[in-house]
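Enquirer: Quick one, fold the following:
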Amino acid sequence: LDDLTERTRASGTEWALGIGACSRALLSEDQAADALYQQAIEHLGHCRITVHLARARLLYGEWLRRRNRRQERRTQLASAYEVFSRAGADGFAERARRELMATGEPVRKRTVGALDELTSQEAQIARLARDGDTNPEIAAQLFISPRTVELHLGNVFSKLGVSSRRHLRSALSPPQQPGARLP
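Expert: Prediction:
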């Protein structure tokens, strides 16, 4: 733990400080743990890696639930559940959902339409791939790299529960007519 603390402080990044604080909170007692979880959430709130923030919120929410701090835990757990659900981190989302239900909070499993689960760029890439464009063609149209297209398509396949471009046809609306604008 001392080595982790030394390294995260030496790094000085918000992410490292947040991960370090969350790790120390897991091993700490009451007041110290509470302060460390809050510190972790504060640091990770300044990062772009939202799943790490959601993970800290989940851990803090679980810790709060064990201490019967109802309102605080619901806030943390609901936030974690929302992020995990949007990110497609189903295992963590389900864990947060179960914790919320244990607090008496009614939570429904997300049943959102396929395109609503995708980011706008993922939806655009999915439509272009469905319509037959190759990764280099999609990349040129969107001014991104073919590797970025590949990464987005991996996310699309995961979120839609498909394994290939061929399956995009059934997962998404019909292809656009020539000259028609994408929705």
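
Enquirer: Check the gap between Glu75 and Arg9 for me.
Expert: Slight slip there: residue 75 is Thr, not Glu. 28 Å (CB to CB, to the nearest Å). (C-beta placed from N, C-alpha, C; glycine too.)

Enquirer: These two - which one has more neighbours?
Expert: Neighbour count, other CB atoms under 10 Å: between Thr75 and Arg9, Thr75 has more, with 14 against 11.

Enquirer: For that one, what is the enclosing helix or strand?
Expert: Secondary structure from DSSP states H and E places Thr75 in helix 70-87.

Enquirer: May I have that helix as PDB, with CA atoms only?
Expert: As requested, the backbone C-alpha atoms of helix 70-87 are provided in PDB (Å, rounded to 0.1, in the frame of the first residue of the first chain):
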ATOM      1  CA  ARG A  70     -29.500   5.600   2.700                       C
ATOM      2  CA  GLN A  71     -29.600   8.800   0.700                       C
ATOM      3  CA  GLU A  72     -25.900   9.000   0.100                       C
ATOM      4  CA  ARG A  73     -25.700   5.500  -1.000                       C
ATOM      5  CA  ARG A  74     -28.600   5.800  -3.500                       C
ATOM      6  CA  THR A  75     -26.900   8.800  -5.100                       C
ATOM      7  CA  GLN A  76     -23.600   7.000  -5.600                       C
ATOM      8  CA  LEU A  77     -25.200   3.700  -6.700                       C
ATOM      9  CA  ALA A  78     -27.600   5.300  -9.100                       C
ATOM     10  CA  SER A  79     -24.800   7.300 -10.700                       C
ATOM     11  CA  ALA A  80     -22.600   4.100 -11.000                       C
ATOM     12  CA  TYR A  81     -25.500   2.200 -12.500                       C
ATOM     13  CA  GLU A  82     -26.200   4.800 -15.200                       C
ATOM     14  CA  VAL A  83     -22.600   5.000 -16.300                       C
ATOM     15  CA  PHE A  84     -22.100   1.200 -16.300                       C
ATOM     16  CA  SER A  85     -25.300   0.700 -18.200                       C
ATOM     17  CA  ARG A  86     -24.300   3.300 -20.900                       C
ATOM     18  CA  ALA A  87     -20.800   1.800 -21.200                       C
END
